[in-house]
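Q: Need the 3D shape of this:
(2 chains)
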Protein chains: 2
Amino acid sequence: MQRTQFGEMECSIARTLDIAGEPWTPLIIRDVTWGPRRFDEIQRDLGISRKVLAERLKWLTAQNIVEQRQYSERPVRHEYWLTGKGAELSDVLLAIIAWGDRWTASDAGPPATFRHQACGQLTHAEVRCSACGELLHATETDAQIGPGHSSMLHTT
Amino acid sequence: MQRTQFGEMECSIARTLDIAGEPWTPLIIRDVTWGPRRFDEIQRDLGISRKVLAERLKWLTAQNIVEQRQYSERPVRHEYWLTGKGAELSDVLLAIIAWGDRWTASDAGPPATFRHQACGQLTHAEVRCSACGELLHATETDAQIGPGHSSMLHTT
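A: You can find the predicted model right below:
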């Protein structure tokens, strides 16, 4: 019910939550991003029921966020990998992690660190403006109704 | 229950979801970021029950994500505004919006657009590497156990 409600809202946050906002789903996407990628391993890693995990993976597959890749023929066994759409969604996880590291970590530091393969450095995500490249803060942006909003579509 | 479970996990995604992952909470933070900011207006905007909205705002206030500011003396009336911690969380919303605009919007375009006050341009969020400044993709990072992980704390 909730899912449909969010998906029908004219808001890219709500629509993203509709796809990836159910409980556990961001953590499943985390696992599929950095591993583990196999059903049994993800289930153990998260400590969730097989039923919930199966439902979430089925939904994420239908939404083209993850896809199955066979890694064993006998028995037939699959891993879950991100699609291109899913990989871009996992980039959003980096922004979530950066905030969580800054505001929820203990004094000892973050529970995980990330190294950028391209530059070899330890990294964290910065949210930057696509136009000027500076750090982008939501409170320093003005929001306007966009071309895909129904009120615009009805008047043109 | 769920909330406690996520908050106790050694993962900055789970801990962030613990603070801001309940249904409706990201949309409440959206409203407090760009407006509306008054209880009745947020309630109407989202179409949720007063009870749920009051619970969420109480929680977000306790977590120091939002704070009340009085805008009327008689009667006493408050608006909700982001704290510094909350403002940084709203930057994460920009990354969610960018993904949603790209993958969930209709052909007509996104339901909302954002102008960066600093440069005056229409903008969307880019997730970039804090070290080299290039676009940062989760699938091009290596994750390692960090200094705040219990397995590290126990061995030092």
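Q: Just the CA atoms from the longest helix along chain A would do, formatted as PDB, please.
A: Secondary structure of chain A per DSSP state H: the longest helix is helix A:84-104. The C-alpha trace of helix A:84-104 is given here as PDB (Å, rounded to 0.1, in the frame of the first residue of the first chain):
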ATOM      1  CA  GLY A  84      23.600   0.000 -14.200                       C
ATOM      2  CA  LYS A  85      20.500   1.600 -12.700                       C
ATOM      3  CA  GLY A  86      21.300  -0.200  -9.400                       C
ATOM      4  CA  ALA A  87      25.000   0.900  -9.500                       C
ATOM      5  CA  GLU A  88      23.900   4.500  -9.700                       C
ATOM      6  CA  LEU A  89      21.600   3.900  -6.700                       C
ATOM      7  CA  SER A  90      24.500   2.500  -4.800                       C
ATOM      8  CA  ASP A  91      26.300   5.800  -5.300                       C
ATOM      9  CA  VAL A  92      23.600   7.400  -3.200                       C
ATOM     10  CA  LEU A  93      24.600   4.900  -0.500                       C
ATOM     11  CA  LEU A  94      28.000   6.600  -0.400                       C
ATOM     12  CA  ALA A  95      26.300   9.900   0.400                       C
ATOM     13  CA  ILE A  96      24.300   8.200   3.200                       C
ATOM     14  CA  ILE A  97      27.500   6.600   4.500                       C
ATOM     15  CA  ALA A  98      29.300   9.900   4.600                       C
ATOM     16  CA  TRP A  99      26.600  11.500   6.700                       C
ATOM     17  CA  GLY A 100      26.400   8.400   9.000                       C
ATOM     18  CA  ASP A 101      30.200   8.400   9.400                       C
ATOM     19  CA  ARG A 102      30.100  12.000  10.400                       C
ATOM     20  CA  TRP A 103      27.100  12.000  12.700                       C
ATOM     21  CA  THR A 104      26.600   8.500  14.000                       C
END
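Q: Measure how that helix sits relative to helix B:84-104, angle-wise.
A: With axes from the mean of the first three to the mean of the last three Cα atoms, to 10 degrees applied, the angle from helix A:84-104 to helix B:84-104 works out at 180 degrees.
Q: Give the rounded mean pLDDT of the helix or strand just after helix A:84-104.
A: Moving toward the C-terminus from helix A:84-104, the next helix or strand (DSSP states H and E) is strand A:112-116. Across strand A:112-116, pLDDT averages out at 98.
Q: which residues of chain A fall in helices?
A: Using DSSP H, helices in chain A cover A:2-7, A:12-20, A:25-34, A:39-46, A:50-62, A:84-104, A:150-153.
Q: Of these, which shows the lowest average pLDDT?
A: helix A:2-7 (a mean of 73).
Q: Please work out how many residues are found near the nearest residue to A:L94 once chain neighbours are set aside.
A: Leaving aside its chain neighbours, A:L94 sits nearest to A:A125 (3.8 Å; criterion: Cβ to Cβ, 6 or more residues apart in numbering or on different chains). Every C-beta, even on glycine, is put in place using the N, C-alpha and C of the backbone. Close neighbours of A:A125, defined as other Cβ atoms under 10 Å in any protein chain shown, add up to 28.
Q: hey, what's A:A125 bridged with?
A: Under DSSP bridges, the beta-bridge partners of A:A125 are B:C129.
Q: Now do the buried residues in the longest helix of chain A.
A: A:85-101, A:103-104 (16 or more other Cβ atoms under 10 Å in any protein chain shown).
Q: sorry, back to before: surely the residue nearest to A:L94 is in contact with B:E126?
A: No - the pair A:A125 / B:E126 is not scored as a contact, 9.8 Å apart, by Cβ atoms under 8 Å.
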